[in-house]
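>>> quick one: sequence and predicted model below, then my questions.
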Amino acid sequence: MTAIVQASRLRVRPLGNALGAEVTGGDLKTASEADIEALREAILDRYVLRLRGYRLDDIEFTRFVERLGPLHTSPDYVKDRKVYVKESPLMSVVSNIVENGEPIGHHGDGELGWHTDLSFTDIPSEFTLLCAREVPPKGGNTWFCDMYDAYESLSLEMKQRVARLTLKHQASHNPQYGRWPGWSHIETDDVREMPGPIHPLVRTHPVSGRKTLYLGRRFGAYIPGLKLEKSEALLDELWSHAGRPEHCFIQEWQQGDIVMWDNRCTMHRRDAFPGQGRRRMHGLMTRGTRPE
Ligand code: OGA
Ligand code: MN
């Protein structure tokens, strides 16, 4: 622990085996430099933090996230440019709630498969923070897995094989809803032709200096330069190293929980919750850097 972090009033308790920690105590509304530094240290160590017992309204939540870094602005093609929360125009809403025939947010009540946020953009976000405003009695848990571990568990031979490969993270198709609004003109379903940024398959975390597998999402992924069947087979093999349940942290939400994760070294998924009631999460992201 660095000297400044010792002055923090936040308590950090590791959860689970590999990743995840719970942060309690102090007050995020008046977080000190030491508190912010303690969070940086904790997330570098545990990749996912659950901040529990804080009561932040949307403005307080936004001010807090801004302390962690500049807020991320999504490129045009993933944004419908709708402002969900007047006081915080960059806040997203993840919800199954429909009001006056209109969904008040994204993603309904279905399962969300393993992914990392915005890998299909040139400069993906660094941290995502979700704040639980409404939580159904059952379902809708969010799972996180450790992508350092996914890399480290590869054989030496596989590490050498993937060292120089890249991955195209297709940008046009959203697995739940077809094509993103800005890409509705894209006709092809061939992963080799779909548009999207190309990132290294193995990236180095800019702060820890450790290597991680950077898979983004399985749907629509393609390794440029390989025959389609080779790309599919290699991706299936790499994906089998990620998301093993015994290596996951599973967040069971309580109202008011804020979960903060590092998109550079984790992936996440969400359980479905049909018929289980209202769920509403308010989300913000901080700006990342180009994967290298
Ligand atoms: C997302 C997401 C997780 C959740 O919106 O990208 O991963 O628990 N949501 O709803
Ligand atoms: Mn996500």
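Arrived safely, thanks for sending. Ligands and ions are numbered 1, 2, ... in the order given.
>>> in this protein, where's the longest helix?
Using DSSP state H, we find that the single longest helix of the chain is helix 33-46.
>>> tell me the first helix or strand C-terminal of it.
The helix or strand immediately downstream of helix 33-46 is strand 48-51, counting by DSSP states H and E.
>>> so the helix or strand following that following strand versus helix 33-46, what angle?
Using DSSP H and E, the helix or strand that follows strand 48-51 towards the C-terminus is helix 58-68. Angle of helix 58-68 versus helix 33-46, following axes from the mean of the first three to the mean of the last three Cα atoms, to 10 degrees, is 70 degrees.
>>> mind listing what's buried in the longest helix of the chain?
Using 16 or more other Cβ atoms under 10 Å as the burial criterion, the residues of helix 33-46 that qualify are 34, 35, 36, 37, 38, 39, 40, 41, 42, 43, 46. Where you see a C-beta, it was placed from the backbone N, CA and C, and this is true even at glycine.
>>> tell me which of these is nearest to ligand 1?
Nearest to ligand 1 among these: residue 43, at 17.1 Å, using Cβ to the nearest ligand atom.
>>> what residues does the stretch 151-292 of the chain put near ligand 1?
268, 270, 281 (Cβ under 6 Å from any ligand atom).
>>> and if we set it to 5 Å?
Applying Cβ under 5 Å from any ligand atom, one finds that the stretch 151-292 of the chain approaches ligand 1 through residue 270.
>>> how about the helices in the stretch 151-292 of the chain?
Secondary structure of the stretch 151-292 of the chain, counting by DSSP state H, counting those that start in this stretch: helices at 156-162, 228-239.
>>> kindly reformat those as JSON lines containing mean neighbour count, mean pLDDT and distance to residue 170.
As requested, the helices of the stretch 151-292 of the chain are exported to JSON lines (neighbours: other Cβ atoms under 10 Å; pLDDT from 0 to 100; distance: least, Cβ to Cβ, whole Å):
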{"stretch": "helix 156-162", "mean neighbour count": "13", "mean pLDDT": "97", "distance to residue 170": "19"}
{"stretch": "helix 228-239", "mean neighbour count": "15", "mean pLDDT": "98", "distance to residue 170": "12"}
